[in-house]
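Enquirer: please work out how this folds:
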Amino acid sequence: MQIYKVGGAVRDRLLGRPVTDIDWVVVGATVEQMQAQGYRPVGADFPVFLHPHSGEEYALARTERKSGRGYGGFTFHASPEVTLEEDLVRRDLTINAMAEDEQGQITDPYKGQQDLQDRILRHVSPAFAEDPLRVLRVARFAARYAGLGFQVAPETLALMRELSESGELQALTAERSWKEIARALMEEQPQVFIQVLRDCGALKQLMPELDVLFGVPQPAAHHPEIDTGVHTLSVLEQAARHNQPLTVRWACLLHDLGKGLTPEEEWPRHIAHEHRGLKAIKAVNQRFKVPRDCQELALLMGEYHTHGHRALELKASTLLELLQRFDVYRRPQRFEEFIAACEMDARGRLGLEERDYPQAAYLRGAADAARAVAVQPLVEKGFTGQGLGEAIKRERLNALKAYKESAKP
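Expert: Residues are numbered from 1 along each chain as shown. Got it, this is the predicted structure:
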């Protein structure tokens, strides 16, 4: 019985990056031997055990064979006869197909160390094309390691293109897809994830609403980069650069979907794209069963981002409607995330990445002014029910009018 560290733990140690999760593979052991040593079985599909003390996962070396569509369409075979090399060959990338023994010796049958050195993301074997989830995984690794100069190998990109064209991506469950998308959006360069998906044809299959933005022009006066797809990637890049949470990054990704629905004869203008895009945003949210907080912010950002940019010009009554719509009194964080997403949108324009965004402070000030209206004095004056609601609204409107006056230069 031999135990090896495998996958990401080996890869990241060799790259000099922090090792967070450690995966272990056990060669030459049976289920009974593992249990006799106190390991607790947890795997439903194949033998995986929890270490009796550390709680880390140990999997018996296994082979796998394609038996159906999608991520789960595999049958597994685990036995003491399965070699380390046979276990490693079923992994996705050469840089993830290395093992390290207890003495620190590396087993590297598929030249993963060379690909680490050459900054290449390369598939291990043709079996790569049997698992559609690997398209998303490779794009995610590209986003993670782009800053180190990693590129997807042309032959791997070709296999990813084959997978995209085969219809296999449609067999992925919403949950598996969202898990990869969410992880990828939180990587250092999430825009690379979207670009790689586009390069291999997967974006067209997974998010056609987003794919169609590439090649759609915008007015150069506001968008020096012109192309709506390029702008969207830049907004996402800014969101990562400013360490925004997943909710903000998702909203940034979907905020301009309405521009993909503008009739060509109206280009480069996109009148009412905010409302036009809501149906598309809902469709993407539902397709991946996106968490509610991400869904809500994406829809609100899609509908109101131009309000954010024009904040200083908005009438007090429009400002009040905006604050009411976001429920800033009970959900202040959601409005804060909206402001952040608007700022990323403004910065995601060619040559304007460092420009100030005074709208952010102005919107925060407006929310503070509206929230500062005290309800108790109105109750003491005898207002109740609907009358109280109207009185509160009136006082908030007056507070916003006063705020607008005080904010004038």
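Enquirer: please identify the helix or strand for Val379.
Expert: In the assignment (DSSP states H and E), Val379 maps to helix 376-380.
Enquirer: can you pull the buried residues of stretch 274-294?
Expert: Buried residues in stretch 274-294, counting neighbours by 16 or more other C-beta atoms under 10 Å, are found at 274, 276-278, 280-282, 284-285, 288, 290, 293-294. (Each C-beta comes from the backbone N, C-alpha and C, glycine too.)
Enquirer: can you get me the start-to-end distance on that stretch?
Expert: In stretch 274-294, first residue to last residue: 17 Å (C-alpha to C-alpha, to the nearest Å).
Enquirer: contacts for it, please.
Expert: Residues outside stretch 274-294 that contact it (C-beta atoms under 8 Å, 6 or more residues apart in numbering): 174-175, 177-178, 181, 207, 209-210, 246-247, 250-251, 254-262, 295, 298-299, 302-306, 334.
Enquirer: switch to 7 Å and redo it
Expert: Residues outside stretch 274-294 that contact it (C-beta atoms under 7 Å, 6 or more residues apart in numbering) are 174-175, 177-178, 181, 207, 209, 246-247, 250, 254, 256-258, 261, 295, 298-299, 302-303, 305-306.
Enquirer: give the rounded mean pLDDT of that stretch.
Expert: Mean pLDDT, computed over stretch 274-294, is 98.
Enquirer: which members of the buried residues of stretch 274-294 are positioned in helices?
Expert: 274, 276, 278, 280-282, 284-285, 293-294 (DSSP state H).
Enquirer: how close does the nearest residue to Ala346 once chain neighbours are set aside sit to Glu343?
Expert: Nearest residue to Ala346, sequence neighbours excluded (C-beta to C-beta, 6 or more residues apart in numbering): Tyr357, at 5.2 Å. Between Tyr357 and Glu343 the distance, using C-beta to C-beta, to the nearest Å, works out to 4 Å.
Enquirer: between these two, which has more neighbouring residues?
Expert: More neighbours surround Glu343 than the other of Tyr357 and Glu343, with 24 against 20 (other C-beta atoms under 10 Å).
Enquirer: wait, is the more buried one part of a helix?
Expert: Yes - assessed with DSSP: H, G, I helix; E, B strand; the rest coil, Glu343 lies in a helix.
Enquirer: from what I can see it touches Ala360, true?
Expert: Yes - with contact defined as C-beta atoms under 7 Å, Glu343 reaches Ala360; the gap is 5.4 Å.
Enquirer: can you show me the helices along the stretch 301-409 of the chain?
Expert: Using DSSP state H, counting those that start in this stretch, the helices of the stretch 301-409 of the chain run over residues 316-326, 332-347, 358-371, 376-380, 385-407.
Enquirer: most packed of these?
Expert: Greatest average neighbour count among these goes to helix 332-347 (a mean of 21), per mean count of other C-beta atoms under 10 Å.
Enquirer: show me how far it is from its chain's centre.
Expert: 17 Å (C-alpha atoms, centre = their mean, to the nearest Å).
Enquirer: CA atoms only: put it into PDB for me.
Expert: Output in PDB follows, covering the C-alpha atoms of helix 332-347 (Å, rounded to 0.1, in the frame of the first residue of the first chain):
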ATOM      1  CA  PRO A 332     -28.100  48.800   2.600                       C
ATOM      2  CA  GLN A 333     -25.500  46.300   1.500                       C
ATOM      3  CA  ARG A 334     -27.300  45.600  -1.800                       C
ATOM      4  CA  PHE A 335     -27.300  49.300  -2.700                       C
ATOM      5  CA  GLU A 336     -23.600  49.400  -1.800                       C
ATOM      6  CA  GLU A 337     -22.900  46.500  -4.200                       C
ATOM      7  CA  PHE A 338     -24.900  48.300  -6.900                       C
ATOM      8  CA  ILE A 339     -22.800  51.400  -6.500                       C
ATOM      9  CA  ALA A 340     -19.600  49.200  -6.700                       C
ATOM     10  CA  ALA A 341     -20.900  47.500  -9.900                       C
ATOM     11  CA  CYS A 342     -21.700  50.900 -11.500                       C
ATOM     12  CA  GLU A 343     -18.200  52.100 -10.700                       C
ATOM     13  CA  MET A 344     -16.600  49.000 -12.300                       C
ATOM     14  CA  ASP A 345     -18.800  49.600 -15.400                       C
ATOM     15  CA  ALA A 346     -17.500  53.200 -15.600                       C
ATOM     16  CA  ARG A 347     -13.900  52.000 -15.200                       C
END
